[in-house]
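**Student:** Pasting the sequence and the predicted coordinates here, then a few questions.
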Amino acid sequence: MARNIGSRYTAHQILGRGSAGTVWLGEGPEGPVAIKLLREDLASDQELVGRFVRERTALLGLDHPRVVGVRDLVVDGSDLALVMDLVRGTDLRTRLDRERRLAPAAAVAIVADVAEGLAAAHAAGVVHRDVKPENILLDMEGPLGPGGAHPALLTDFGVAKLIDTPRRTKATKIIGTPDYLAPEIVEGLPPRAAVDIYALATVLYELLAGFTPFGGGHPGAVLRRHVTETVVPLPGVPDELWQLVVQCLAKAPASRLRASELAARLHDLLPLLAGMPPLDVDEPDAGPTEPYEEVEYAARPAEPRRRGAVPLVRSSATDSNRDTHTSMRVPGPDELAGGARGTARAPRAPGQRRRPGSARHRAGAVRRRRITLGVAGLVLAAAGVGGWLATSGDEPSAPPADSEQSAPAQP
Ligand SMILES: Nc1ncnc2c1ncn2[C@@H]1O[C@H](COP(=O)(O)OP(=O)(O)OP(=O)(O)O)[C@@H](O)[C@H]1O
């Protein structure tokens with residue numbers, strides 16, 4: 001059923017749902033658009049609304065072919081909406097779920113596109129902070145590139161920062177998707193451009209391998225691996241490409257490539273990768289996923305999420321497990337001490353049997369959830385000191401409102 005969004009837009013049909021709200025196929029004065037209607041609890045937050053209005057210029061100013069443009073921001077009664085360019089295609093998560101692993105040329109072409117978008121954003125002083133396959137859209141109307149990849153565009157720019165207001169996210173908490181979080185975020189440092197490079201390198205690894213380098217098991221263990229573990233080599237990846245992955249997954253932000261350089265280096269590799277089939281590796285055991293209980297979900301739509309951006313290809317399915325903003329119980333010291341879930345994941349050799357209980361999709365669903373964790377506890381965990389701190393969300397130690405906005409884009 002159509003609904004009006006402000007005086008200029010009409011939302012017709014749901015394209016997908018995310019943690020911040022629902023994305024609609026809509027119509028505006030200049031034709032079809034995608035409208036991200038924020039959740040009611042976010043839209044009724046006056047501080048957040050104010051921040052949206054203040055960030056208008058930054059959000060509307062990013063104009064690049066590899067970035068999904070934000071055309072308008074609508075604040076209308078209880079509606080708070082971002083009006084975006086409509087991408088006719090699907091998101092990278094849906095493609096990855098369908099194909100499991102991409103041919104190296106396709107993976108590199110997609111990641112090079114995203115790196116170009118990031119380069120433009122970083123040059124404009126904007127850090128994305130939530131680079132992951134869900135936020136990469138594939139334009140199925142665009143020309144097919146290397147390895148059969150459609151043009152890729154990065155979406156949700158600035159949204160993480162806007163929603164991650166100091167009132168919601170105290171100095172002792174972080175919000176993000178564990179698999180893609182750079183170690184410096186886990187350690188409580190302000191997110192700068194290099195966090196996007198780390199997340200994008202994680203996406204590249206995932207496109208090649210079918211799993212992320214530090215994911216699997218308890219989210220706390222995932223975060224600790226980002227800080228302490230080294231990425232395990234993927235058999236069959238040409239050395240030049242592997243060196244790029246390793247460099248961009250460096251623990252030290254300053255050691256990572258800048259986005260423009262990463263894009264250029266990836267483009268240079270494309271001829272070398274032409275015709276290479278997807279890698280023949282299998283996901284390592286994730287270990288049991290039961291050791292924590294989800295004690296609370298933030299407000300979530302009750303119905304399963306629908307995915308796919310104006311699907312020209314049928315979307316792989318509904319994925320109601322990809323919920324976000326999970327609060328966790330505080331893990332015990334033994335969980336922080338390492339063990340099966342605390343080690344970097346070595347890919348299993350082709351044909352090697354999977355350990356019972358290592359259900360790939362179950363682990364994937366868990367690892368993709370965003371979580372809210374105590375950073376102070378994580379720092380202790382990373383240092384091996386043990387003991388997590390429970391944080392209530394009401395600590396008075398919130399940073400100044402603009403502390404993250406003012407973080408320079410370049411490392
Ligand atoms: N500009 C767009 N054009 C077409 N479809 C879109 C657009 N933006 C988002 N979508 C679709 O809507 C879905 C939900 O997007 P949204 O950004 O709300 O969530 P997400 O990124 O998947 O998850 P989260 O917000 O929790 O990180 C996407 O997966 C995509 O299929």
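**Tutor:** All right, it came through fine.

**Student:** Is Asn4 in a helix, a strand, or coil?
**Tutor:** Judged by DSSP: H, G, I helix; E, B strand; the rest coil, the three-state class of Asn4 is strand.

**Student:** ok, for it, nearest residue in space, not its chain neighbours?
**Tutor:** Thr10 (5.7 Å; Cβ to Cβ, 6 or more residues apart in numbering). In short, each C-beta sits where N, CA and C put it, glycine included.

**Student:** residues near that neighbour, how many?
**Tutor:** Here the number of neighbours of Thr10 (other Cβ atoms under 10 Å) works out to 16.

**Student:** Show me what counts as buried in stretch 260-274.
**Tutor:** Within stretch 260-274, the residues scored as buried using 16 or more other Cβ atoms under 10 Å are 261-263, 265-267, 269-270, 273.

**Student:** tell me the contacts of Leu204?
**Tutor:** Residues near Leu204 by Cβ atoms under 8 Å, 6 or more residues apart in numbering: 107-108, 111, 244-245, 248.

**Student:** give me that answer again for 10 Å
**Tutor:** With contact set as Cβ atoms under 10 Å, 6 or more residues apart in numbering, Leu204 has these partners: 102, 104, 107-108, 110-112, 114-115, 213, 241, 244-245, 248-249, 262, 266.

**Student:** all helices of the stretch 151-300 of the chain, in order?
**Tutor:** In the stretch 151-300 of the chain, the segments counted as helices under DSSP state H, counting those that start in this stretch are 159-163, 183-186, 193-209, 219-228, 239-248, 259-273.

**Student:** cool, the stretch 1-150 of the chain as well?
**Tutor:** Per DSSP H, counting those that start in this stretch, the stretch 1-150 of the chain carries helices over the ranges 40-43, 46-54, 56-61, 92-99, 104-123.

**Student:** Among those, which comes closest to the ligand?
**Tutor:** When those are compared by Cβ to the nearest ligand atom, helix 92-99 sits nearest the ligand, at 6.9 Å.

**Student:** Tell me the buried residues in that closest one?
**Tutor:** Result for helix 92-99 [16+ other Cβ under 10 Å]: buried residues 92-97.

**Student:** Now look at it and say if it contacts the ligand.
**Tutor:** No: counting by Cβ under 6 Å from any ligand atom, the ligand is not contacted by helix 92-99; separation bottoms out at 6.9 Å.

**Student:** quick one: the strands in the chain?
**Tutor:** Remark: strands assigned in the chain by DSSP state E are 3-5, 9-17, 21-28, 31-38, 70-76, 79-84, 89-91, 136-139, 152-154, 173-176, 294-297, 326-328, 371-374.

**Student:** Could you confirm whether the fifth one reaches the ligand?
**Tutor:** No: residues of strand 70-76 are not located near the ligand by Cβ under 6 Å from any ligand atom, the shortest gap being 9.1 Å.

**Student:** Helix or strand with the lowest mean pLDDT in the chain?
**Tutor:** Within the chain, no helix or strand scores below strand 294-297, which has a mean of 29 by mean pLDDT, DSSP states H and E.

**Student:** Tell me the residues on this structure that lie near the ligand, please.
**Tutor:** Checking the chain against the ligand by Cβ under 6 Å from any ligand atom, the hits are 15-20, 23, 34, 36, 68, 84-87, 91, 130, 134-135, 137, 155-156, 307-310, 324.

**Student:** got the helices of the stretch 1-150 of the chain as TSV, with mean pLDDT columns?
**Tutor:** Converted to TSV, the helices of the stretch 1-150 of the chain look like this (pLDDT from 0 to 100):
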stretch	mean pLDDT
helix 40-43	82
helix 46-54	74
helix 56-61	74
helix 92-99	96
helix 104-123	96
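
**Student:** Of those helices, which is nearest Gly147?
**Tutor:** Closest approach to Gly147 among the helices of the stretch 1-150 of the chain (Cβ to Cβ): helix 104-123, 3.1 Å.

**Student:** give me the low-pLDDT residue ranges for the stretch 51-200 of the chain?
**Tutor:** 54-55, 58, 158-176 (pLDDT under 70).

**Student:** domain parsing for this protein?
**Tutor:** With domains defined by the TED database, the chain comprises 1-86, 88-165+177-282.

**Student:** Please identify the deepest-packed of these.
**Tutor:** Across these, averaging neighbours per residue (mean count of other Cβ atoms under 10 Å) puts domain 88-165+177-282 on top, at a mean of 21.

**Student:** That one spans what distance, first to last residue?
**Tutor:** End-to-end span of domain 88-165+177-282 (Cα to Cα, to the nearest Å): 32 Å.

**Student:** With stretch 92-110 instead?
**Tutor:** By Cα to Cα, the extent of stretch 92-110 from end to end equals 9 Å.

**Student:** Quick check: end-to-end length of stretch 214-232?
**Tutor:** 9 Å.

**Student:** before we move on, back to that, which residues does the residue nearest to Asn4 bridge with?
**Tutor:** Per DSSP bridges, residues listed as beta-bridge partners of Thr10: Asn4, Glu27.

**Student:** ok, it to the ligand distance?
**Tutor:** Going from Thr10 to the ligand by Cβ to the nearest ligand atom, to the nearest Å gives 16 Å.
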